[in-house]
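[1] Prediction below, plus the sequence it came from.
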Amino acid sequence: MVSEPSIHPTATGYQFDWEEYLKIAVGRLKDDSRGLTGEIEVWPSFMDDYPLLSGIRFNLTSERARTGLAKRLGTLKPKIEWQAIIEQVCMGIIELYRQGEPVIEINSTDDIAPLEYLISPIIPKGKPTAIFGDPGSGKSTLLSIFSIVAALPWHDNPLKLGAPSKPTPVLYLDYEADADDLRRLLKAFSEGMDLGPVPLYYRRCSVPIADDLESIRNHASNVKAEAVFVDSTSLAAGGDLNRMDVATAYLRALRELKMTSVSLTHTSKDRESKAKTIIGSVLFEAGFRSVFECRGQEDDDMLDIALFHRKFNLGKKTQPLGYRISYNCHGNSISWHDPKNVAEFVERMGNKTRILDLLKQGALTQKEMTEKLDISYQAVYSALSGLRKGNQVTELEGKRWGLLSKF
């Protein structure tokens, strides 16, 4: 009689252990009209360097497939009750897979931990964040900077970013460039900012993340990474970005990782529109908990970057963030730069932000604000109503509006 195994969830399936003599893992599970399928690996001994059987995909719900697999294993390793073991594995996985996550009770009186950040105020811990923008806007450069802030950690950075309390490894998944490209970037900032050695765990990728999930999970575990940075979603998703199933597969993979993640992605095709969105299915934007738009303005040996917080399911969106990257022969440097000082960025800000900034120069009527900001009278009226409710502006004599003293 076959003994009961211990069962452990893996990144894409389950592993069954029978004391010291047998280990079976079934991963890359997929349930469709043909049944529940998965890839199996079998180790007859925990001491073996290589599995007895690996990379075989079979249908766990097919009696014929189970019998055929047991017979094959019997020819490779006799004297083991393979039929009973395979039945045990298949039935166990079917039950576990189809029952899904357990139901838990939550209550308004529960103790709730405050939202934590890997890098404040941009990357919330344990959540999927997206940064989208046009090519050349500085997305990849910013992602490398965030890697530095987390890895060192860089507490005295000039970017007004909150760094983690201890060195925090990040696994950088690169679908577009290669290791030397990132090495050059890290070296340039390390020398330009006098940071010293900057470590980063890097992986060149080509297989879609949903199909490579188990390997990514194992690599992240091996280097003790607490976050994955994906550059970029356009290739990591592995298909037509406008298809809903491509978007859901990508977001499901991030969810199954159960880690902090940042995904770089491109912007919608209409580059002139002020209302920019992530390229592809609307499900991409729906699935990310926090979404930033990245804008870049290049001038000779300088690149100004602005991040606009377009979506945040976890609280209040942060104000626009600005950075200036300077390139010179001694390396790259980066510093905080107020995005309101760049005309192209000001146009992308919300009406409330633009009105507050405009009123710093003095009180104005709604008509004057409409003309100066080139937006509709109704848009000004709506923004002013919100600002007045928030005690940020007040109506003065002569139908003019001004800032309250504390602003």
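    Noted; the coordinates are in hand.

[2] can you list the weak-confidence ranges in the stretch 251-400 of the chain?
    Residues of the stretch 251-400 of the chain meeting the criterion pLDDT under 70: 269-275.

[3] where along it do the strands fall?
    Counting by DSSP state E, counting those that start in this stretch, the stretch 251-400 of the chain has strands at residues 260-266, 290-299, 302-312, 321-328, 331-336, 364-365, 393-395, 400-403.

[4] same for the one helix or strand Ile40 maps to, what does it pack against?
    Here Ile40 sits within strand 35-43, counting by DSSP states H and E. Applying 3 or more CB pairs under 8 Å, 6 or more residues apart in numbering; DSSP states H and E, one finds that strand 35-43 contacts strand 22-32, strand 53-59, helix 82-99. Heads up, the C-betas are built off the backbone N, CA and C, glycines and all.

[5] Now mean neighbour count and distance to Gly126 too, for the strands of the stretch 251-400 of the chain, in CSV please.
    Below are the strands of the stretch 251-400 of the chain laid out as CSV (neighbours: other CB atoms under 10 Å; distance: least, CB to CB, whole Å):
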stretch, mean neighbour count, distance to Gly126
strand 260-266, 25, 6
strand 290-299, 21, 12
strand 302-312, 21, 15
strand 321-328, 19, 21
strand 331-336, 18, 27
strand 364-365, 18, 44
strand 393-395, 17, 37
strand 400-403, 17, 38
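
[6] if we can go back for a sec, right, so of the helices and strands packed on strand 35-43, which gets closest to Val228?
    Of all the helices and strands packed on strand 35-43, it is strand 22-32 that lies closest to Val228, at 18.2 Å by CB to CB.

[7] Spit out the contact partners of the nearest residue in space to Gly13 that is not next to it in sequence.
    Take Gly13 and drop its neighbours on the chain: the residue closest to it by CB to CB, 6 or more residues apart in numbering is Gly27, 3.6 Å away. By CB atoms under 8 Å, 6 or more residues apart in numbering, the residues touching Gly27 are 10-13, 38-39, 41, 214.

[8] Equivalent analysis for Val246, please.
    Listed by CB under 8 Å, 6+ apart, the contact set of Val246 reads 237-240, 280-281.

[9] List only buried entries from those residues.
    Buried members of the contacts of Val246, scored by 16 or more other CB atoms under 10 Å, are 237-238, 280-281.

[10] Now the two most distant members of those residues.
    Greatest spatial distance among the buried ones among the contacts of Val246 (CB to CB): Gly238 and Ser281, at 13.6 Å.

[11] circling back: would you list the contacts of Gly27 in JSON lines and tack on distance to Arg64?
    Putting the contacts of Gly27 into JSON lines (distance: CB to CB, whole Å) gives the following:
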{"residue": "Thr10", "distance to Arg64": "26"}
{"residue": "Ala11", "distance to Arg64": "29"}
{"residue": "Thr12", "distance to Arg64": "24"}
{"residue": "Gly13", "distance to Arg64": "21"}
{"residue": "Gly38", "distance to Arg64": "16"}
{"residue": "Glu39", "distance to Arg64": "18"}
{"residue": "Glu41", "distance to Arg64": "21"}
{"residue": "Glu214", "distance to Arg64": "26"}
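
[12] Among those, which one lies nearest to Val342?
    For the contacts of Gly27, the nearest to Val342 is Ala11 (42.5 Å; CB to CB).

[13] number of nearby residues for Ile85?
    20 (other CB atoms under 10 Å).

[14] which residue sits closest to it in space, ignoring its chain neighbours?
    Val2 (5.7 Å).

[15] quick one: pLDDT of the one you found?
    Looking at Val2, its pLDDT stands at 76.

[16] Count the neighbours of it for me.
    14.

[17] which stretch of helix or strand covers it?
    In the assignment (DSSP H and E), Val2 maps to no helix and no strand.

[18] Just to check, it is in contact with Val89?
    No. Applying CB atoms under 8 Å, one finds Val2 not in contact with Val89, separated by 10.2 Å.

[19] hmm, back to that, any idea which of the helices and strands packed on strand 35-43 is most buried?
    strand 22-32 (a mean of 18; mean count of other CB atoms under 10 Å).

[20] mind checking how far that one is from the chain centre?
    Chain-centre distance of strand 22-32: 26 Å, with CA atoms, centre = their mean, to the nearest Å.

[21] cool, and stretch 181-190?
    22 Å.

[22] Contacts for that stretch next, please.
    Under CB under 8 Å, 6+ apart, the answer for stretch 181-190 is 140-141, 144-145, 148, 172, 174, 195-198, 200, 202, 327, 331-334.

[23] picking up where we left off before, just the buried members of the contacts of Gly27?
    10-13, 38-39, 41, 214.

[24] Any figure for the gap between the closest residue to Lys317 other than its chain neighbours and Leu356?
    Leaving aside its sequence neighbours, Lys317 sits nearest to His309 (CB to CB, 6+ apart; 4.0 Å). Going from His309 to Leu356 by CB to CB, to the nearest Å gives 16 Å.

[25] Next: Tyr381.
    Taking CB to CB, one finds Tyr381 at 15 Å from Leu356.

[26] Comparing the two, which residue is more hemmed in?
    More crowded of Tyr381 and Leu356, by other CB under 10 Å: Leu356, with 18 against 12.

[27] Nearest to Gly133, out of the buried ones among the contacts of Gly27: which one, please.
    Using CB to CB, the buried ones among the contacts of Gly27 come closest to Gly133 at Ala11, 29.9 Å.

[28] thinking again about what came up before, turn the buried ones among the contacts of Val246 into JSON lines, columns for distance to Glu101.
    Formatted as JSON lines, the buried ones among the contacts of Val246 follow (distance: CB to CB, whole Å):
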{"residue": "Ala237", "distance to Glu101": "24"}
{"residue": "Gly238", "distance to Glu101": "25"}
{"residue": "Gly280", "distance to Glu101": "27"}
{"residue": "Ser281", "distance to Glu101": "24"}
